[in-house]
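Colleague: mind folding the following:
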Amino acid sequence: MATDRGIVEDWLSEFKALSETQLSGYGGVLDQKNTLVPALYSVIQDPDSELLEPVCHQLFELYRSSEDCLRRFTLQFLPELLWVYLRRDGHSSGCIEALLLGIYNLEIVDKDGNSKLLSFLIPSLSKPSIYHEPSSLGSMALTEGALCQHDLIRVIYSGLHPQRETFTAQNRFEVLCFLMLCYNSLVVYMPRSSHRAVCRMSSRLCVSGFPRQQLKAWTAPCMRVLLEPQFMVQMLAAVYHAIYNGEWDAGREALDDILYRAQLELFSEPLLLGNAMKSSLPGSAPDGSQGRKVLQVEVTPSIRRISRCTITAASIRRLRWKREDVDGLSREEESSGLNDADEGFSSGASSSSQPSGVRGRKNHPSARRTSSTSLDCRRGLGSAAEARRYSILSLQEQHLPEEVELLSPGKQSRSPSFNMQLISQV
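Modeller: Predicted coordinates for the structure are as follows:
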């Protein structure tokens with residue numbers, strides 16, 4: 001502790017001696033001080049530290065500068081500052097409250113002092129996200145209206161945040177949500193120590209004062225911290241980046257704790273986002289040995305994310321086509337079977353009931369020509385079933401004029417059903 005105190009005191013005195021010209025390159029000097037960041041964390045976490053107030057003042061001076069690297073240096077301590085502020089009462093964290101309000105008031109205005117107008121893009125269903133994968137949803141009808149809206153970018157605006165001089169119960173989480181939004185916009189520049197801090201903050205804020213706290217390594221008595229859904233959504237965004245950037249175990253634990261708190265509070269937005277994140281995570285850590293990994297978007301997934309039993313428009317069309325094919329084949333088989341039975345029964349019945357003149361027509365040359373045609377078809381076709389169906393169709397076409405002639409009023413031919421009625425009456 002004494003070593004950390006000496007490091008912080010040297011840093012405070014060093015910054016006071018800097019000139020305006022030296023301030024522009026001071027960011028590179030801070031990156032080389034490997035022991036400074038852990039020492040500042042220890043000062044922020046100590047509630048009775050005398051260096052907390054000068055450290056907060058120094059961090060605000062760095063954030064007020066025009067150098068981006070100095071602003072990011074201050075912003076990396078934001079998760080720890082939020083945890084310390086929310087777990088304490090307002091009287092013992094006045095310097096932290098002043099630092100948070102100062103950062104908020106600087107972020108809501110531009111360089112000219114005008115209110116910022118933030119813009120956000122509305123995502124399209126044709127783009128992949130943690131909620132869905134468009135390539136797994138099947139083919140979608142490309143109508144003229146869909147093509148017109150394919151590349152349409154919808155933008156919503158949020159801004160005109162009022163200046164805040166103090167925290168109240170009404171504006172506290174409005175300010176804190178905006179600060180977390182600023183942190184998430186620069187989370188790719190944050191070091192791993194900041195990623196660990198945001199995971200630690202999320203877990204502790206969500207389980208403090210609940211039975212789940214007894215399962216944690218830290219068992220210090222803490223009161224329950226009031227949270228709002230929008231603030232938990234911002235925590236999830238930061239945790240999601242930390243999971244894929246070297247904090248797999250801590251990020252998964254924080255995600256489970258946020259879902260635990262969201263279930264207790266019945267917050268729909270954190271539940272939706274948290275469950276979508278949990279479902280999209282891989283089974284194991286993504287290449288932790290290779291160091292820092294960035295988020296990757298799978299453009300053409302190799303694994304089918306949608307179950308085959310899921311009912312979609314494409315699956316309904318495929319099922320209807322399969323049924324139509326099966327019904328068509330069954331009708332062909334039934335018709336071929338009925339034609340065979342009718343022909344066999346009709347030939348036997350007509351041979352016994354028709355006169356000799358009509359019976360003699362069975363030796364007509366067209367019949368011999370039909371049989372030779374069917375034999376030729378059997379030689380040409382590779383399948384026996386197709387040859388049989390072709391012969392039946394050809395016989396029906398060749399016998400069509402004979403059947404019309406037999407059913408004329410001057411003939412004595414009867415249908416098989418009529419012959420069966422005569423037999424039953426006898």
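Colleague: so, low pLDDT: which residues of the chain?
Modeller: Low-confidence segments of the chain, defined by pLDDT under 70: 1, 89-92, 123, 125-126, 131, 135-154, 156-157, 219, 287-317, 319-426.
Colleague: element containing Gly118, please.
Modeller: No Gly there; residue 118 is Leu. In the assignment (DSSP states H and E), Leu118 maps to strand 117-122.
Colleague: check which helices and strands that strand is in contact with.
Modeller: Secondary-structure packing of strand 117-122 (3 or more Cβ pairs under 8 Å, 6 or more residues apart in numbering; DSSP states H and E): strand 154-159. Every C-beta, even on glycine, is put in place using the N, C-alpha and C of the backbone.
Colleague: angle of whichever helix or strand comes after the strand it packs on against strand 117-122?
Modeller: Proceeding C-terminally, strand 154-159 gives way to helix 172-185 as the next helix or strand, assigned by DSSP H and E. Relative orientation of helix 172-185 and strand 117-122, computed by axes from the mean of the first three to the mean of the last three Cα atoms, to 10 degrees: 70 degrees.
Colleague: toward the C-terminus, what is the element adjacent to helix 172-185?
Modeller: Downstream of helix 172-185, the next assigned helix or strand under DSSP H and E is helix 192-207.
Colleague: other residues contacting that next one?
Modeller: 37-38, 41, 76-77, 79-80, 82-83, 86-87, 183, 213, 216, 218, 222, 225, 227, 232, 235, 238-239, 241-242, 245-247, 250-251, 253-254, 257-258, 260-261, 292 (Cβ atoms under 8 Å, 6 or more residues apart in numbering).
Colleague: which of those residues are buried, as a PyMOL select command?
Modeller: Buried subset of the contacts of helix 192-207, written as a PyMOL selection, criterion 16 or more other Cβ atoms under 10 Å:
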select buried, resi 37+41+76+77+79+80+82+83+86+87+183+213+227+232+235+238+239+241+242+245+246+247+250+251+253+254+257+258+260+261
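Colleague: now, the contacts of helix 192-207 that are in strands?
Modeller: The strands, defined by DSSP state E, take in nothing from the contacts of helix 192-207.
Colleague: hmm, back to that, restrict the strand holding Leu118 to CA atoms and write it as PDB.
Modeller: Extracted C-alpha coordinates of strand 117-122, given in PDB (Å, rounded to 0.1, in the frame of the first residue of the first chain):
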ATOM      1  CA  LEU A 117     -27.100  15.300 -31.200                       C
ATOM      2  CA  LEU A 118     -26.300  11.600 -31.100                       C
ATOM      3  CA  SER A 119     -27.300   9.400 -34.100                       C
ATOM      4  CA  PHE A 120     -28.000   5.700 -34.100                       C
ATOM      5  CA  LEU A 121     -28.600   3.300 -37.000                       C
ATOM      6  CA  ILE A 122     -31.600   1.000 -36.900                       C
END
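Colleague: domain ranges for the chain?
Modeller: Following automatic domain parsing, one finds the domains of the chain at 114-136+147-299, 313-425.
Colleague: you'd agree Leu176 is up against Phe231?
Modeller: Yes. At 5.8 Å, Leu176 counts as touching Phe231 under the criterion of Cβ atoms under 8 Å.
Colleague: what sits against Leu18?
Modeller: For Leu18, the contact set (Cβ under 8 Å, 6+ apart) comprises Tyr26.
Colleague: for it, give its distance to Ile7.
Modeller: The gap separating Leu18 from Ile7 is 17 Å, by Cβ to Cβ, to the nearest Å.
Colleague: cool, Tyr244 as well?
Modeller: For Tyr244, the distance to Ile7 - Cβ to Cβ - is 32 Å.
Colleague: okay then, goodbye and thanks.
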